[in-house]
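Student: Coordinates for the following, if possible.
(one chain, ligands or ions: 1)
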Amino acid sequence: MSLPSTIAIDGPAASGKSTLARRLAERLNYLYFDTGVMYRAVTWLALERQASLEDEALITRFAEETQIDVRPPSKDDGRAYDVLVDGEDVTWAIRSPEVDANVSVVAAYAGVRRALTEQQRRIGLRGRVVMVGRDIGTVVLPEAELKIYLDASVEERARRRYQECVARGDAVTYEEVLQAMKRRDQIDSTRAVAPLRPAEDAVILNSDDLTAEQVIEQVLSYVRNCG
Ligand code: CDP
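Tutor: Residues are numbered from 1 along each chain as shown. Predicted coordinates for the structure are as follows:
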């Protein structure tokens, strides 16, 4: 049986992509690569340097010149990997509500996407990878052998993200998380470059009424029937 060597998982925020991809990669012994981390890292850097997020040229330069590394976890604090920006550990900092609120603006810039897509594609083409994002099946790796589009209602996704924020101790309300998520969905799916949408040959799954375990079992059945 031949397994798909590149697996693309796309979908909106908090639809369960990361959990699915991480477990899938573990089961198959593939690399798990979450491309959202890169857009978050550039956004974190821009906020840290107090750059104007409207300054597209400056933000694009950050994306081109900044060294973003994703490495095996160095700490046992619930992280799946370390994220380093020019050597600084930003693994948790890139999950802040400030980054959440601004990342879609940064990710809509064509120059930022060009710089990050190029790096993602290079990693993806090595194979044995589960790559997660918004545009993996459509733009980054259109040749991926298996494409999953994982969806869920915005209310369910906001509920999940709210619980993550509470667990981390962030001071936010459900309503704030819901509004921020609707705004991000809107920007991600209407931007000119690489908007969020399922690839024509993607399998679409809705995770509203499925447990994480049911989602992975379903996807493993696609993996087995793909080759
Ligand atoms: O974890 P969550 O689903 O909330 O977000 P993420 O996957 O970390 O992505 C954060 C943001 O980066 C998204 O809302 C998109 O604006 C952007 N992104 C993108 O444009 N393309 C990707 N391949 C991955 C993320």
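
Student: Flag every residue of this structure that's near the ligand.
Tutor: 13-14, 35-36, 39-40, 103-104, 107, 133-135, 184, 188 (CB under 6 Å from any ligand atom). For the C-beta atoms, the positions are set from N, CA and C on the backbone; glycine is no exception.

Student: Please list the members of those residues that lie in strands.
Tutor: Among the residues of the chain next to the ligand, the members falling in strands are residue 133 (criterion: DSSP state E).

Student: Of the residues of the chain next to the ligand, which is the nearest to residue 63?
Tutor: Nearest to residue 63 among those is residue 39, at 8.7 Å by CB to CB.

Student: give me every residue that touches the residue nearest to the spatial centre of the chain.
Tutor: In the chain, the C-alpha nearest the mean C-alpha coordinate belongs to residue 36, at 3.3 Å (CA atoms, centre = their mean). Contacts for residue 36 (CB atoms under 8 Å, 6 or more residues apart in numbering) come out as 103, 132-134.

Student: Quickly name whichever of those is closest to residue 175.
Tutor: Minimum distance to residue 175 across the contacts of residue 36 is 20.0 Å, recorded for residue 103 (CB to CB).

Student: which stretches of this protein form strands?
Tutor: 6-10, 31-34, 68-71, 82-85, 88-89, 129-133, 146-151, 203-206.

Student: among those strands, which gets the worst mean confidence?
Tutor: Of all the strands of the chain, the segment with the smallest mean pLDDT is strand 68-71, scoring a mean of 89.
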